[in-house]
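[1] I'd like to go over a predicted model; first the sequence, then the structure.
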Amino acid sequence: MRIFNRDYHQPKTFLPGTRRTRLPAETLQDFGRHMREVGITRLANVTGLDVIGIPVVQAIRPNSRSLSVSQGKGADIESAKASAMMEAVELWHAENIEIPCLHGSYNALRRRHNLVDLHRLPLVKGGRVRLEQQQSWLPGWDLLSGEEVWVPFEFVSMNTVGVTQAMMTFLGSSNGLASGNHLLEAIEHALCEVIERDAHALKCAQGTVDAPSAKVDLDTIDEPSLRELIDLCHAADMELAVMEMTSEVGVATFRAGLMEREERGQWNRLGAEWGCGTHLSPVVALSRAITEAAQARLTVIAASRDDNPPAVYAGSQSIWSAQAFRDSIFTAPGVQPFVPHSRYPETDTFEGDLEIILAALRAADVDQVVVVDLTKPDIGIPVVKVIVPEFESAPFVAGYVEGRRARAVRKGKS
């Protein structure tokens, strides 16, 4: 695959619940040398704070310019450690961007440079595009057209020091920000996240009326790694609800929710916590969703995330534990069979997977997929930001407003 006029090729290692270039232990040993450099003071295993047992680890960065605590999860503790470390590493890269920029207004620069259409990027609440506004631009690469495209620095940067949403035009989030052992690995991970967040936003706009019809029958899942995760949840007296929410793109996407069984004492409830996952392999997608739901529970239990509003912690007061919600989502029977193979099968290389995902996006009328390479040569950990204009951002991020796609879904529902 050609990116920034260089050809890339990378085979995959097939691991339970994920696909990587190498084993998590090797990632930790290699990239772990840079933890102090990126401000990580420790990796904390918080798995034992909950009763489920799905490994969750935190990476602590006290001097962060955005979130000081990053979470990681996985099928085993080494995977969770690597996940947390890489999550913190990619945030640090986006907080400390050192790429040469262009500076000028959209109207002035578009005569000589290929710029992303600002009207197609997600706005923050109250934000308004100003084509004459002076701003900085970062170089990106359009994977569909094979040419350079410039994107607003503001949309990529995660440096929130001294920045408020009132000062911003676009919704700042880590959506599409990813790291990896190889550039192609990072791009695939980032692109899957962008597709996932868009699908999640569309489902939120659709509402919960049709949710029961999208619920997966867990008894139809026999894949060993998934059965192990499901059994851990059930052994911990958890209700596990899995919702199929694949968008028109066609790449497998699931949302998984965890909720204590009703007989558990009110004092010992968190309410419902959710996780999402997207991948060409439905097995990997669902594994990511379930482990992320477990991670979400531990994030609330540890009270460690800087940007969680008070409402997140209100679940223990039964705000999210209404009987109607329990009946309609968690105890309602699953009706969708789990299909371990999708219409877009994965390959044994990252470039092969990316070609398939890009073909699926083209079929869904997507005309631009931009990669910004944030990798620092002196560190050598591949980090990218992937942008798909018109796609929805994360609906749970403060300041999110529905874009064209979500508004169309909501309008069609009414």
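    Arrived safely, thanks for sending. Residues are numbered from 1 along each chain as shown.

[2] what backbone torsions are found at the closest residue to Asp142 other than its chain neighbours?
    The spatial neighbour of Asp142 that comes closest, neighbours along the chain excluded (Cβ to Cβ, 6 or more residues apart in numbering), is Val149 at 4.8 Å. The C-beta positions use only the backbone N, C-alpha and C, and glycine is treated the same way. Val149 adopts backbone torsions of phi -140, psi 140, taken as degrees, to the nearest 10.

[3] for Val149, name its beta-bridge partners.
    On the basis of DSSP bridges, Val149 is bridged to Gly140.

[4] wait, isn't it in contact with Leu115?
    Yes: Val149 is in contact with Leu115 according to Cβ atoms under 8 Å; the separation is 7.1 Å.

[5] between the two, which one's more packed in?
    Applying other Cβ atoms under 10 Å to Val149 and Leu115 shows that Val149 carries more neighbours, namely 24 against 18.

[6] residue contacts, the more buried one?
    Counting by Cβ atoms under 8 Å, 6 or more residues apart in numbering, Val149 touches Asn114, Leu115, Val116, Pro139, Gly140, Trp141, Asp142, Gln368, Val370.

[7] what about it, distance to His119?
    15 Å (Cβ to Cβ, to the nearest Å).

[8] repeat for His200
    23 Å.

[9] when the two are compared, which one has more neighbours?
    His200 (22 against 12).

[10] pLDDT at that one, what is it?
    If you check His200, the pLDDT there is 96.

[11] repeat for Ala314
    70.

[12] swap in the one 3 residues further on?
    What the model reports as pLDDT for Gln317 is 54.

[13] and if you look at Ser393?
    93.

[14] pull the contacting residues for the nearest residue to it once chain neighbours are set aside.
    Sequence neighbours aside, Pro122 is the residue nearest to Ser393 in space, at 4.1 Å (criterion: Cβ to Cβ, 6+ apart). Pro122 sits next to Phe170, Leu171, Glu392, Ser393, Tyr400, Val401, Gly403 when contact means Cβ under 8 Å, 6+ apart.

[15] cool, Gly334 as well?
    Gly334 neighbours (Cβ under 8 Å, 6+ apart): Lys215, Val216, Asp217, Leu218, Asp219, Thr220, Val242.

[16] nearest to Gln71 among these?
    Val242 (20.7 Å; Cβ to Cβ).

[17] what's in contact with the helix or strand containing that closest one?
    Using DSSP states H and E, Val242 sits within strand 238-244. By Cβ under 8 Å, 6+ apart, the surrounding residues in contact with strand 238-244 are 52, 203, 211, 214-216, 218, 230, 233-234, 253-261, 286, 289-290, 293, 326, 329-331, 334, 336, 338.

[18] next SSE after that strand?
    Downstream of strand 238-244 (by DSSP H and E), the next one is strand 253-260.

[19] packing partners of that next one?
    Helices and strands touching strand 253-260, by 3 or more Cβ pairs under 8 Å, 6 or more residues apart in numbering; DSSP states H and E, are helix 183-206, strand 238-244, strand 273-278, helix 282-302.

[20] where exactly do the helices run in the stretch 251-400 of the chain?
    Under the criterion DSSP state H, counting those that start in this stretch, helices of the stretch 251-400 of the chain are mapped to 282-302, 323-325, 350-363.

[21] check the ones you listed for me: which has the lowest mean pLDDT.
    helix 323-325 (a mean of 63).

[22] what is the mean pLDDT for stretch 238-245?
    Stretch 238-245 comes out at a mean pLDDT of 95.

[23] typo on my end, stretch 52-59
    Averaged across stretch 52-59, pLDDT comes to 98.

[24] now stretch 144-157
    97.

[25] measure the residue lying closest to Glu196 once chain neighbours are set aside to Thr246 for me?
    Closest residue in space to Glu196, ignoring its immediate chain neighbours: Thr278 at 3.7 Å, by Cβ to Cβ, 6+ apart. In this structure, Thr278 and Thr246 are 8 Å apart, going by Cβ to Cβ.

[26] more neighbours: the two, which one.
    A direct count of neighbours by other Cβ under 10 Å for Thr278 and Thr246 places Thr278 higher, at 29 against 20.

[27] contact partners for that one?
    When contacts are counted by Cβ under 8 Å, 6+ apart, Thr278 touches Cys192, Glu193, Ile195, Glu196, Ala199, Val251, Ala252, Thr253, Phe254, Ala285, Arg288.

[28] so the second one touches Ser173, yeah?
    No: checked against Cβ under 8 Å, the pair Glu193 and Ser173 is beyond contact range at 10.4 Å.

[29] grab the nearest non-local neighbour of the residue nearest to the spatial centre of the chain.
    Nearest to the mean C-alpha position of the chain, by Cα atoms, centre = their mean, lies Glu193 at 4.0 Å. Of all residues not flanking Glu193 in the chain, Gly176 sits nearest, at 6.0 Å (Cβ to Cβ, 6+ apart).

[30] quick one, domains of this protein?
    13-97, 101-413 (the TED database).

[31] thanks a lot, catch you later.
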